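A.B. asks: coordinates only, sequence not included:
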């Protein structure tokens, strides 16, 4: 069995990559945060409501305060990487968290009905 030698390349955005010699497919070892956001932004357009749901899910999963979205570092992260997206306010997220809770509660009730 023969294997192609690997060569180390450094791309425009300074991400360290390994690629097989002669192969157009590159396996990325580590991406910068900016590059990751740029790739995500190109992959799929999401609605404002879906974006707010994802932000809220992140805050709930990581047990972060809703006011995180109003902190300067958080705002800068999105302004620099996703300038076309409007960040929701903490008040908007507070209203949405009640809807999320009700939805999950109903889903759990339905699942528990089917248990013997």
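C.D. replies: Ah, there it is. Just so you know, these numbers come straight off a predicted model, no measurement behind them. Residues are numbered from 1 along each chain as shown.

A.B. asks: C-alpha from now on. contacts and neighbour counts both.
C.D. replies: OK.

A.B. asks: quick one: least confident helix or strand in this structure?
C.D. replies: strand 16-20 (a mean of 38; mean pLDDT, DSSP states H and E).

A.B. asks: now the helices: where do they sit in this structure?
C.D. replies: Taking DSSP state H, the helices of the chain run over residues 33-43, 48-61, 72-81, 90-113.

A.B. asks: If you average pLDDT over each of those helices, which is lowest?
C.D. replies: When the helices of the chain are compared by mean pLDDT, helix 33-43 comes last with a mean of 65.

A.B. asks: ok so, going back, check the helices of the chain for me and report the most buried one.
C.D. replies: Ranked by mean neighbour count under mean count of other C-alpha atoms under 10 Å, the helices of the chain are led by helix 48-61, which reaches a mean of 15.

A.B. asks: got the angle for that helix vs helix 90-113?
C.D. replies: Going by axes from the mean of the first three to the mean of the last three C-alpha atoms, to 10 degrees, helix 48-61 is angled at 80 degrees with respect to helix 90-113.

A.B. asks: when you give positions from now on, start the count at 30
C.D. replies: Will do, 30 is the new start, and the previous item becomes helix 77-90.

A.B. asks: Lovely, talk soon.
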